[in-house]
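Enquirer: the sequence isn't on hand, but the structure is:
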């Protein structure tokens, strides 16, 4: 197999919890706790999980928008943590992000033209004429008419704003796009337009996506591989087909069974979990899922299961696999 | 057949903005029977929340105004009520669960106090009896440490727990009609499954009529007996849940159903409805969906279609189905 475009090794992001003004904090929110995965060129890796499981933090840590507490992010052979500020800034040309909320992630004081030319200016790409040319091209690709150029973000609908965000991410011709819930804020009919656009762009430019979402249907549609996160850890990762057909981790199984099916004739056998996700400040010892797992064993309470290979391109972190 | 609890006839709601009046809900009629769950689906801005606020008498006025129509609850016209009489209906006969469990509870009072308030307002129970009733309600919505939760503040609870509390408040006075406005949209899938499960079992016990507002067709398929699809302020299709999913008639409903990525099947490309929802007031004549419709005809631009009845209990606002 080819060399991966992005490798994440033992990524940890811990946030200190303030205990008092003068004391150093002793407890940490372990937002991302020892996560490793790789993404190959041209593929789409989906990262799913419930709110607070650390999927967005993982996305941000990959771009080094958040400094990882420990662990490595290797992009196209270069360790991002080892780069200087200036080098990292240059590298970011190849790594771009699309955020969830198209209402909050566009500057209301800038016109679309200014929004799209800002990344080009920041990276000293081309002269004004070339920039204008490039903006026109990218607008067309993203399905925005050129009459939008002089308008402000608030004049657009949610779907169009998300197109602007995607255009902004694409204008530097990046290799990897981290898309953090890009369609969650959109209505169904607009959501499908944006998903189709993401697919078309991937084909046209050979893009690689890390697609973060809580919607398992959307992830199934778009992604070739999927990682399932729970409480800062990867519960299962592998080919989308295998995971959806035969989930190995009890959490993945529950998640899949919980999705309402768009067909009143299907009566689904649903696994209903008891309780809520435990606090990431004080996660359970052993397996993170042990407090809600319907199949928990004694060993799950004491020993943290490692991610182990169950089949080709299918890994899960569960003691039941043994 | 069970009796009709709520009967809405030709409801029309206008909103005034910058000196112009826009029709946000246009001439909608429907009814809900005892024990029935009616789904109301549509995209943001289609008027589904304004419809529910009209039923609760909560349309902000100004800028909103109910221009015409009738809303009858057990036969009595709600629109003729005075504000004082509304208070006897709201929270007692008709209650509502909102989308955002974080913002619909007061952060400064305990859960118990908020529950007691509703109960004491609408019944003659003493303080002690109200507390007992509150705790019983909390237990009924599946909260195991009810006494402890009774004394907690909303910020101490998770989203799923808060939504359970909202349901407990909504059902505290055994309402005849419960309006659930996107009750699970802000929740995670596993928590959503818990809440839907709870609502189903409560519904089976109490026979409360439910108006279930959502944009999630999966949730509709699971919860509702009958469904109305709204588009740009109008009902475009109304049918039994089975007919709507297996025999959708309106091009908008068909488009919506095809746009959803499904777990069960893999398609290369999703169907998408082109364009976007028209702004209120931008369409003066004809069908409001025509700019996005794949089967648009000449007639659609000239005349607005009415809600044609196709079969018993199945109606569709489209010229394709006129006779």
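Expert: Perfect, I can see it now. These figures come from a predicted structure and were not determined experimentally. Numbers count the residues shown, from 1 in each chain, chains lettered A, B, ... in the order given.
Enquirer: and for residue A:306, the neighbour number?
Expert: In terms of burial, residue A:306 registers 10 neighbours under the definition other C-beta atoms under 10 Å in any protein chain shown. C-beta: built from backbone N, CA, C; applies to glycine.
Enquirer: residue contacts, it?
Expert: Taking C-beta atoms under 8 Å, 6 or more residues apart in numbering or on different chains as the contact definition, residue A:306 lies against residue A:317.
Enquirer: state the distance from it to residue A:233.
Expert: Counting by C-beta to C-beta, to the nearest Å, the separation of residue A:306 from residue A:233 is 10 Å.
Enquirer: do the same with residue A:125
Expert: Taken as C-beta to C-beta, the span from residue A:125 to residue A:233 is 39 Å.
Enquirer: more neighbours, these two?
Expert: residue A:233 (24 against 16).
Enquirer: list the residues that contact that one.
Expert: Contacts here follow C-beta under 8 Å, 6+ apart; on that basis residue A:233 touches A:33-35, A:54, A:288, A:317.
Enquirer: tell me the two of those that are most distant?
Expert: Among the contacts of residue A:233, the pair separated by the greatest distance (C-beta to C-beta) is A:54 and A:317, at 14.1 Å.
Enquirer: ok, back up a step: want to throw the contacts of residue A:233 into CSV with pLDDT?
Expert: Shown next, in CSV, are the contacts of residue A:233 (pLDDT from 0 to 100):
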residue, pLDDT
A:33, 90
A:34, 91
A:35, 93
A:54, 89
A:288, 91
A:317, 94
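Enquirer: in strands, which of those fall?
Expert: Secondary-structure check on those using DSSP state E: residues within strands are A:33-35.
Enquirer: so what's the residue nearest to residue B:71 when sequence neighbours are not counted up against?
Expert: Once its chain neighbours are removed from consideration, residue B:71 has its nearest residue in residue B:78; the separation is 4.5 Å (C-beta to C-beta, 6 or more residues apart in numbering or on different chains). Shown in contact with residue B:78 (C-beta under 8 Å, 6+ apart): B:55, B:57, B:71-72, B:86, B:89.
Enquirer: quick check: residue B:78 vs chain A, distance?
Expert: When distance is defined by C-beta to the nearest C-beta, to the nearest Å, residue B:78 is 30 Å away from chain A.
Enquirer: and that residue, how close does it get to residue B:31?
Expert: With distances taken as C-beta to C-beta, residue B:78 is found 14 Å from residue B:31.
Enquirer: with residue B:301 instead?
Expert: As it turns out, when the distance is counted by C-beta to C-beta, residue B:301 lies 32 Å from residue B:31.
Enquirer: do the same with residue A:37
Expert: As judged by C-beta to C-beta, residue A:37 and residue B:31 stand 53 Å apart.
Enquirer: so for those two, which sits in the more crowded spot?
Expert: Shown here are residue A:37 and residue B:31; by other C-beta under 10 Å, residue A:37 has more neighbours (20 against 15).
Enquirer: quick check, residue A:167 in contact with residue A:140.
Expert: No. Proximity of residue A:167 to residue A:140 does not meet the contact threshold set by C-beta atoms under 8 Å, at 9.7 Å.
Enquirer: just list the residues touching the spatially closest residue to residue B:154 that is not a sequence neighbour, thanks.
Expert: Excluding its sequence neighbours, the residue lying closest to residue B:154 (C-beta to C-beta, 6+ apart) is residue B:105, at 4.2 Å. Taking C-beta under 8 Å, 6+ apart as the contact definition, residue B:105 lies against B:111, B:114, B:154, B:162, B:165-166.
Enquirer: would you mind putting the residues you listed into CSV with neighbour count, secondary structure and distance to residue B:17 alongside?
Expert: Written out in CSV, the entries for the contacts of residue B:105 read as follows (neighbours: other C-beta atoms under 10 Å in any protein chain shown; DSSP: H, G, I helix; E, B strand; the rest coil; distance: C-beta to C-beta, whole Å):
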residue, neighbour count, secondary structure, distance to residue B:17
B:111, 27, helix, 38
B:114, 19, helix, 34
B:154, 21, helix, 33
B:162, 22, helix, 33
B:165, 26, helix, 35
B:166, 25, helix, 31
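Enquirer: and of those, the nearest to chain A?
Expert: Distance to chain A, by C-beta to the nearest C-beta, is smallest for residue B:162 among the contacts of residue B:105, at 11.0 Å.
Enquirer: report the contact partners of that closest one.
Expert: Applying C-beta under 8 Å, 6+ apart, we find residue B:162 in contact with B:101-102, B:105, B:154.
Enquirer: want to throw the residues you listed into TSV with pLDDT, secondary structure and distance to residue A:223?
Expert: Putting these into TSV (pLDDT from 0 to 100; DSSP: H, G, I helix; E, B strand; the rest coil; distance: C-beta to C-beta, whole Å) gives the following:
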residue	pLDDT	secondary structure	distance to residue A:223
B:101	71	coil	30
B:102	74	coil	30
B:105	89	coil	37
B:154	90	helix	36
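Enquirer: give me the secondary structure label for residue A:121.
Expert: The three-state label for residue A:121, taken from DSSP: H, G, I helix; E, B strand; the rest coil, comes out as helix.
Enquirer: tell me where the model's unsure across the stretch 151-300 of chain A.
Expert: Low-confidence segments of the stretch 151-300 of chain A, defined by pLDDT under 70, are absent.
Enquirer: residue boundaries of the strands in it?
Expert: Secondary structure of the stretch 151-300 of chain A, counting by DSSP state E, counting those that start in this stretch: strands at A:176-180, A:208-213, A:225-230, A:233-239.
Enquirer: now the residue sitting nearest the centre point of chain B, what are its backbone angles?
Expert: Closest to where the C-alpha atoms of chain B average out (C-alpha atoms, centre = their mean) is residue B:213, at 2.8 Å. Recorded main-chain torsions at residue B:213 are phi -100, psi 130, according to degrees, to the nearest 10.
Enquirer: ok, it - contacts?
Expert: Under the criterion of C-beta under 8 Å, 6+ apart, the contact partners of residue B:213 comprise B:39-41, B:48-49, B:51-52, B:179-182.
Enquirer: quick one: it from residue B:60, how far?
Expert: Computed as C-beta to C-beta, the residue B:213 to residue B:60 distance reads 18 Å.
Enquirer: dump the strands of the stretch 151-300 of chain A to JSON lines, plus distance to residue A:131.
Expert: What follows is these, written out as JSON lines (distance: least, C-beta to C-beta, whole Å):
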{"stretch": "strand A:176-180", "distance to residue A:131": "21"}
{"stretch": "strand A:208-213", "distance to residue A:131": "25"}
{"stretch": "strand A:225-230", "distance to residue A:131": "36"}
{"stretch": "strand A:233-239", "distance to residue A:131": "40"}
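Enquirer: closest to residue A:192 out of these?
Expert: Closest to residue A:192 of those, according to C-beta to C-beta: strand A:208-213, at 14.2 Å.
Enquirer: buried set for the longest helix anywhere in chain B?
Expert: Longest helix of chain B, by residue count under DSSP state H: helix B:189-206. For helix B:189-206, the neighbour count (16 or more other C-beta atoms under 10 Å in any protein chain shown) marks B:189-196, B:198-199, B:202-203, B:206 as buried.
Enquirer: which of those residues come close to chain A?
Expert: Here is what survives when the buried residues of helix B:189-206 are matched to chain A using C-beta under 8 Å from any C-beta of the partner chain: B:189-194, B:196.
Enquirer: just the closest of those to residue A:269, please.
Expert: The nearest one, if we look at those relative to residue A:269 and count by C-beta to C-beta, is residue B:193, at 11.9 Å.
Enquirer: what sits against that closest one?
Expert: For residue B:193, the residues meeting the contact criterion (C-beta under 8 Å, 6+ apart) are A:257-258, A:270, A:272-273.
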